[in-house]
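S.K.: structure here, sequence nowhere to be found:
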C-alpha cells in the first residue's frame, strides 16, 4: 500500500498536467477528486430556471458518470445487465464498439447480425451501449426500434414471456413507449409456451391501449399468434372472436390461420360459421385469395354434401377451381382434376337444395377437369338432369338429355336401354313433367314438336317416353295413347320398349287389363323383345283385376324368357293370394322364391292392418 501511495504521489503532477478533468468509463483509470465548497453561496433573489437535465431518459447516467463499476448485486439497480454479469466476461471488441457507434450505426449493425443470428452479441452490445456516452458526452438513449432489437435478441435466446414483459416495463425509464412490434415479441413467446390465457389478456390490453394511442394497436401478426394458439388448443369460440376482430380491423388472415380455422369449423360442425367467415374474406381484397390445401378442399366438399350444405359445397368448389388455375399456370403445369364421383354428389346436392349456383359451378368445374379429352360419365349427366328437374327448369333438363343422347349414341343396346329408361334413370324428369298436371305435359310436348321442325331438328324417343309416362302418372290414358301414336306419325320415330312399357303402365293404372295385354301382344308381334319391366307391369295389371292365375302365368313366361322375378313382384302376388285365400297359388309363389333363393320374410304389419275390424260405433 505504501508503494502504491508513493506511485500515486509521483504520478499526480503528470495527471494534473495532461488532463485535469478526465472522465472515463474504464474502471482501472484514476480521476483526480475535486473538493466541494463547504459553504454554498446564498441564493439569488431571482434565479432563471436551469435547462433540462441532459441525463433525462437514461437511468444509467449516474452509473456512467459517477460509478464506472456499478453495484450489480444491489436489488435497486435498474441495470439491464443480468445478475452475475461482469465486464471482464464481455468481448473487448463489443465493448469498444459500444463507445464508438451512434444510434443509426448500431441499428445497421444489428440488422447485419440478425441475418447471421448473432443474438448474444446483439444483447451484449446493447447492454454496453446504453451504459456508454455519445460524442457529446451525453448518455446513449435507445429509441423503440432499437429496443425492439434487444427484445428480439432476448426472445431468441430463450427469454420467457414474463422476462420480456419486465424488459418492456423498463422502457418507461428511457421515456419510450412500447409499440405493436414490442408486444408481438411477447405474444410470440406466449405462443411458443402455449400460454393462451396470458396471450388473450395481453392482446385485450393492446386493444385498450390502442384506443388512446394508435401505436400499440394489434396488427395482423398479433392476431395471428393469438388465433393460431387458440385453434391449436381447440378454443374455438375465443378463436372465432379474434378472427372476427381481425376481419373488422381490415387485416389479412394468414394462410395458416385460415387453414386451421377451416379444419376446426369442419371438425366441430360449425359449417354456417365457416360459410360466414369465407363470405367476409371474399369481400376483402387482401383475403379473397385465401385457399385451403387441395386435400382439405376435398374434405370440405364431402362434409358439406353429407350435411346438405350447398353454400359450403359451392365455396369448396371455388377453392378447387383456384387450385386448378394455379396448376395450369405453373411451369411445368400441374394438371389437377376433381374426382367425378364428387361431382355427381355435388350435382345431387344442388338438386336437393334447389341451388342453381352450385349446379352451374359444379358443371363448369367438371368441364375444366376433363379438358375436352373425354365426355362426362352417364352418372354426371343423369345427376344434372335430376338437378334441373328439381329446379323446374325443364328447358335445360331436356337440353341436357339431348347432350346426353349425343354423347352416348353409340353405346350398347343393354346400356342404352338402361340409361334412357323413364322408369329409373330419367324418372326425375318424368316427375317434373307431370308436376303441374296436363298443362306442363302439353307445353313440353308442343316444344318438342317445334324442335322437331327446327334446323337441325331435335327428335328424341326418350323425351317422348317421359311425356307418356308422365301422362300415366296423372291417370290420363288418352294423352298417353295420343303421344304414343304421334311418336311415329308426327315425329317419324319408332317406339322402343320403354314406349310400350309406359303405355302398359297407363292402361294398368286405370284397370284396363285387356288393353294392357293387347299392347304386350302387339309389341311381341312386332319383334320387340320385352324386358323385365314389361312382365312386371303386366303382372301388376293382372293383380289389379285379382287374376292370380294370369299373374303366375306371366311370371312363368318371364322365367322362360330369361328374367328372374324380383322380390317385390313375388311379395305383391303373395299378398293377393293371402287376401283371396288362394293357398295353392301361394305355394307356387313360395316355389318361385325357393328356386331363385329369395327370402320373402313376414308381413306382420300389413296383416295387422288387413285384419283390423272397423266399426261405426263410438268407443
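M.R.: Looks like it came in fine. Keep in mind that what you see is a predicted model, and the values were worked out from it rather than measured.

S.K.: how about the strands in the stretch 401-550 of the chain?
M.R.: With DSSP state E, counting those that start in this stretch, there are no strands along the stretch 401-550 of the chain.

S.K.: low-confidence ranges, it, go.
M.R.: For the stretch 401-550 of the chain, the stretches with pLDDT under 70 are 412-414.

S.K.: ok, which stretches of it are helices?
M.R.: Secondary structure of the stretch 401-550 of the chain, counting by DSSP state H, counting those that start in this stretch: helices at 413-419, 427-433, 438-451, 461-473, 477-489, 497-509, 513-525, 532-544, 548-560.

S.K.: of the ones you listed, which is nearest residue 165?
M.R.: Taking C-beta to C-beta, helix 427-433 is the member of the helices of the stretch 401-550 of the chain nearest to residue 165, at 65.6 Å. (Each C-beta comes from the backbone N, C-alpha and C, glycine too.)

S.K.: the closest one - contacts with which helices or strands?
M.R.: The contact analysis (3 or more C-beta pairs under 8 Å, 6 or more residues apart in numbering; DSSP states H and E) places helix 427-433 against helix 378-391, helix 394-407, helix 438-451, helix 461-473.

S.K.: residues making contact with the last one?
M.R.: Yep, that's helix 461-473 we're talking about. 398, 401-402, 405, 420, 422-423, 426-427, 429-431, 433-434, 438, 440-441, 444-445, 448, 477, 479-480, 483-484, 487, 491, 493-496, 498-499, 502-503, 505-506, 509 (C-beta atoms under 8 Å, 6 or more residues apart in numbering).

S.K.: residue 380: neighbouring residues, count only.
M.R.: Look at residue 380: counted by other C-beta atoms under 10 Å, it has 22 neighbours.

S.K.: ok, it touching residue 340?
M.R.: Yes. With contact defined as C-beta atoms under 8 Å, residue 380 reaches residue 340; the gap is 6.1 Å.

S.K.: which residues are common contacts for the two?
M.R.: residue 366.

S.K.: re earlier: want to throw the helices of the stretch 401-550 of the chain into a markdown table with distance to residue 365 and mean neighbour count?
M.R.: Formatted as a markdown table, these follow (distance: least, C-beta to C-beta, whole Å; neighbours: other C-beta atoms under 10 Å):
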| stretch | distance to residue 365 | mean neighbour count |
| --- | --- | --- |
| helix 413-419 | 23 | 13 |
| helix 427-433 | 22 | 22 |
| helix 438-451 | 29 | 16 |
| helix 461-473 | 27 | 26 |
| helix 477-489 | 37 | 17 |
| helix 497-509 | 32 | 25 |
| helix 513-525 | 43 | 16 |
| helix 532-544 | 35 | 22 |
| helix 548-560 | 44 | 18 |
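
S.K.: now render those as JSON lines, adding distance to residue 95.
M.R.: Converted to JSON lines, the helices of the stretch 401-550 of the chain look like this (distance: least, C-beta to C-beta, whole Å):
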{"stretch": "helix 413-419", "distance to residue 95": "88"}
{"stretch": "helix 427-433", "distance to residue 95": "85"}
{"stretch": "helix 438-451", "distance to residue 95": "94"}
{"stretch": "helix 461-473", "distance to residue 95": "93"}
{"stretch": "helix 477-489", "distance to residue 95": "103"}
{"stretch": "helix 497-509", "distance to residue 95": "97"}
{"stretch": "helix 513-525", "distance to residue 95": "108"}
{"stretch": "helix 532-544", "distance to residue 95": "98"}
{"stretch": "helix 548-560", "distance to residue 95": "105"}
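
S.K.: which one of those helices lies nearest to residue 363?
M.R.: Nearest to residue 363, of all the helices of the stretch 401-550 of the chain, is helix 427-433, at 16.5 Å by C-beta to C-beta.
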